[in-house]
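Engineer: Quick check, what structure comes out for this input:
(chains A and B)
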Amino acid sequence: MNNFLFTQPFFKKNGKAVAIYFLVAIIFWFVFLVIIPQFYMLDLSFRTNVPPLARGGPEDYYTFEHYSHFIFGSKTATDAFNFVDLGVFGRTIFVSMLVTIANLLFCYPIAFYIAKIANPSTARLLIVSLIIPFWINELLRSFALRILFANEGVINNFLTGVGLLDQGILFITYDIGLYTGLIYAYILLMMFPLYNAIESLDINQIEAAKDLGSSSFRTHWRIVIPHAKPGIVSGCTMVFMLTVGALATPVVLSSPNTLWFPQLIYQWFNMNDNWSRGSAYSIILLIVSVIFVLTMMRIFKVRIGEIIK
Amino acid sequence: MSADVELSDVSVTFGSFYAAKNVNVKVNGGEFFSFLGPSGCGKTTLLRAISGFQEPSEGKVLIDNKDMSGIGPNKRPTALIFQNLALFPLMSVSENIAFSLEVRGVSKEERKKRADELLELIALEGQGDKKVHQLSGGQKQRVAIARALAVEPKVLLLDEPLSALDLKLRQRMRTELREIQKRVNITFIYITHDQGEALTMSDRIAVMNEGELEQIGKCDEVYNNPLTPFVATFVGENNPLYGKVTGIEGDKAKIETADGQYLATMNESKKLNIGDESIAFVRPESLFIPRDGDNFDNKINVNIESFEFEGNLKNFYASLKSGAKIKFSVPNAIDTSFITSGSSIVLGFESSKSVILPKASLAID
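Structural biologist: Residues are numbered from 1 along each chain as shown, chains lettered A, B, ... in the order given. A predicted model of the protein is given here:
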């Protein structure tokens, strides 16, 4: 067995020590950090919620009750469906989609400017100034936005102070703070794939299009965007997945009467002490997000290999 | 439809650096005109000024006597062929060719028709649905030309488009380009550092050095009567013989060098006086090994140092008494077995085939 392993090309190329290190690291990552937790959660989501001591006892059996709770609500409820949870879920997916689109619309011109127009020193300065705010923790950034957007916050105080408004705008109540925070939270994950994709476009392609009579808009539509498509899809995928699963930003910035789906999951795990239901909700979020992304990829004709590039 | 292109006192500066300086040239409609010069001489800058990607810092670009200042590249009657062609890799060959029509809102059928016509012009009928990467180097070249011709520009600008091809293909494309130019009858402005390319295709050439025009003229004119030592040594090869003018006889001047006296022809616009520091130039192919009965105006004693076989020519490298080096070429058909390394021989050349110019710096190869 050992001999068989060590004669593999991978071992010959990297040497024993390095090859073993790679192998152990990859297996550890994959098995302990990906497979086991996910399978544990999958398993948990199909079990009844019992205290740890009752595990394996007669109370502990497989059931669909957590999934059906998501759709139909508790057995004692009068509504036909669980409108509250479904509503939160639908809103989370929909708003995440809008956040992703907003991110794309924000990042495209900036990424294009940095990649193709700015001179190298300006480009470096811009990239650094994009990165530095993200050295601060997501939670703290959200609190900073909360300070800006609060009813008695910096923006409202300024606007009322200079006499532009009589009364402050309810940024938090109307979730404007939340949407801003969500757009800001993962913007770099849109920026860099886009920047990389656009940067690799030969400037002559743009000039050739222009020389052939193409307007600026047309050049972007026919030349730059098709070239940057893998970067666009990869940025959109990352931003969408992370936004859908965001917790810190909604906790700090959402209005008291709206919930973000991960907050719901958090409540099942921590406040209601129902890990099984929390797991079921997590699995639902995961599967629906993955299907959503795959559908989008199908619609925009992108293959997964292109994104990873 | 072709158009005149005129550069009137055009200068392009980047900071304090002159990429082009006071360039004046008029390219006639329907002409195949080349800018020839070493890399960094400003020829690409001039091309960008004509196409509209670079506004001149001073002076004007006129196309059909119309001032082009402030008119962008997408509004000029020019089409540019890029050095790397810049074909659109995500589009089919036909889409590439018809791109300029697409952006002008021409209907799909019309575009298809025009693309097919152009595919025929470049002998790629029926290959319009291929992707660009499925084409060979020469085919890509032709597609780039077709794409540029699709809008029927009045001027076609070519930025060393042949430099990436191998030798055989490059030679064939020269002929093809020339033929296409005759067929479509528009003005071609060609940029190259390859004098062979410029000489074989062009009606006229302009030789550039460090942002300035050195000479404009017909190919043979520039080759036979260079106006400056730079042109003499950049266009083709030339042996410089340094010395002082010691006598003038009509259009001929006598030059005294460390190795002897030679008679050479003066250029009308570059008259010399006795005592002037000057250089006489003689090309390798104008140096002959005298046979019985030959009587050359000039004789030169050389010491053979080395030899190189080029195929159609044999090149000999020799030194003069003063240590100056000289190169001469002999057609392969001629027997040269008697010339061996270290042997001393006498070469002859005619004064009519030697040009004498005021001393100035040469082109550094």
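Engineer: where does the chain have its least confident helix or strand?
Structural biologist: Unless you meant another one, I'm taking chain A. Least confident helix or strand, chain A: helix A:2-6 with a mean of 66, by mean pLDDT, DSSP states H and E.
Engineer: try chain B instead
Structural biologist: Least confident helix or strand, chain B: helix B:167-184 with a mean of 87, by mean pLDDT, DSSP H and E.
Engineer: Sheet-wise, list the partners of the helix or strand following it with their directions.
Structural biologist: With elements assigned by DSSP states H and E, the helix or strand that comes after helix B:167-184 is strand B:187-192. Next to strand B:187-192 in the sheet, as set by DSSP bridges, lie strand B:32-36 (parallel), strand B:155-159 (parallel).
Engineer: In TSV: these, plus mean pLDDT.
Structural biologist: Below are the strands paired with strand B:187-192 laid out as TSV (pLDDT from 0 to 100):
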stretch	mean pLDDT
strand B:32-36	95
strand B:155-159	93
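Engineer: Mean neighbour count added to the ones you listed, as CSV?
Structural biologist: The way it works is simple: take the backbone N, C-alpha and C, and place the C-beta from them, glycine included. Converted to CSV, the strands paired with strand B:187-192 look like this (neighbours: other CB atoms under 10 Å in any protein chain shown):
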stretch, mean neighbour count
strand B:32-36, 26
strand B:155-159, 24
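Engineer: So which of those is nearest B:T44?
Structural biologist: With CB to CB, the closest approach to B:T44 among those belongs to strand B:155-159: 6.1 Å.
Engineer: Please name the residues that touch the residue in the stretch 51-200 of chain A that chain B sits nearest to.
Structural biologist: Residue of the stretch 51-200 of chain A nearest chain B, by CB to the nearest CB: A:S200 (11.7 Å). A:S200 makes contact with A:H227, according to CB atoms under 8 Å, 6 or more residues apart in numbering or on different chains.
Engineer: cool, and B:E277?
Structural biologist: For B:E277, the contacting residues are B:242, B:244, B:358-359, by CB under 8 Å, 6+ apart.
Engineer: Run through the residues of chain A sitting next to chain B.
Structural biologist: A:202, A:204-205, A:207-215, A:218, A:222-223, A:226-227 (CB under 8 Å from any CB of the partner chain).
Engineer: Just the buried residues out of the residues you listed, in ChimeraX syntax.
Structural biologist: The buried subset of the residues of chain A next to chain B, as determined by 16 or more other CB atoms under 10 Å in any protein chain shown, is captured in ChimeraX by this line:
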select /A:204,205,207,208,209,210,211,212,213,214,218,222,223,227
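Engineer: hmm, back to that, and the contacts of B:E277, which are buried?
Structural biologist: B:P358.
Engineer: Please convert the contacts of B:E277 to CSV, extending it with secondary structure.
Structural biologist: As requested, these are exported to CSV (DSSP: H, G, I helix; E, B strand; the rest coil):
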residue, secondary structure
B:Y242, strand
B:K244, strand
B:P358, strand
B:K359, coil
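Engineer: TSV for the contacts of B:E277, including distance to B:A324 and pLDDT?
Structural biologist: Shown next, in TSV, are the contacts of B:E277 (distance: CB to CB, whole Å; pLDDT from 0 to 100):
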residue	distance to B:A324	pLDDT
B:Y242	8	94
B:K244	15	93
B:P358	19	93
B:K359	14	92
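Engineer: Which elements pack onto the least confident helix or strand of chain B?
Structural biologist: helix B:108-121, helix B:137-149, helix B:195-201 (3 or more CB pairs under 8 Å, 6 or more residues apart in numbering or on different chains; DSSP states H and E).
Engineer: To chain A, which of the ones you listed lies closest?
Structural biologist: That would be helix B:137-149 among the helices and strands packed on helix B:167-184, by CB to the nearest CB, at 7.1 Å.
Engineer: The least confident helix or strand of chain A: what's the following helix or strand?
Structural biologist: Next helix or strand after helix A:2-6 toward the C-terminus (DSSP H and E): helix A:9-14.
Engineer: What average pLDDT does that following helix get?
Structural biologist: Averaged over helix A:9-14, pLDDT sits at 78.
Engineer: Need the residues that contact the helix or strand following it.
Structural biologist: Moving toward the C-terminus from helix A:9-14, the next helix or strand (DSSP H and E) is helix A:16-28. Under the contact criterion CB under 8 Å, 6+ apart, helix A:16-28 has outside partners A:6, A:10-11, A:13-14.
Engineer: export these to CSV and tack on neighbour count and distance to B:V207?
Structural biologist: Shown next, in CSV, are the contacts of helix A:16-28 (neighbours: other CB atoms under 10 Å in any protein chain shown; distance: CB to CB, whole Å):
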residue, neighbour count, distance to B:V207
A:F6, 13, 66
A:F10, 12, 59
A:F11, 16, 62
A:K13, 9, 54
A:N14, 14, 57
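Engineer: From those, pick the one nearest chain B.
Structural biologist: A:K13 (30.4 Å).
Engineer: How about the closest one, nearest residue that isn't a chain neighbour?
Structural biologist: A:A19 (8.0 Å; CB to CB, 6 or more residues apart in numbering or on different chains).
Engineer: Let me see the confidence value for the one you found.
Structural biologist: pLDDT, A:A19: 86.
Engineer: Share the number of residues neighbouring it, please.
Structural biologist: Using other CB atoms under 10 Å in any protein chain shown, A:A19 has 17 other residues around it.
Engineer: now A:V302
Structural biologist: A:V302 is flanked by 18 other residues according to other CB under 10 Å.
Engineer: Strands of the stretch 151-300 of chain A, residue ranges please.
Structural biologist: Counting by DSSP state E, counting those that start in this stretch, one finds no strands in the stretch 151-300 of chain A.
Engineer: What is the burial count for residue 30?
Structural biologist: Let's take chain A. A:F30 has 11 neighbours, counted by other CB under 10 Å.
Engineer: my question was about chain B
Structural biologist: Neighbours of B:G30 (other CB under 10 Å): 18.
Engineer: Once you drop chain neighbours, what's closest to it?
Structural biologist: Once flanking residues are discounted, B:G30 sits nearest to B:S2: 4.2 Å by CB to CB, 6+ apart.
Engineer: Can you give me the separation between the one you found and chain A?
Structural biologist: Distance from B:S2 to chain A, counting by CB to the nearest CB, to the nearest Å: 18 Å.
Engineer: What's the end-to-end length of stretch A:258-277?
Structural biologist: Length of stretch A:258-277, first residue to last, CA to CA, to the nearest Å: 20 Å.
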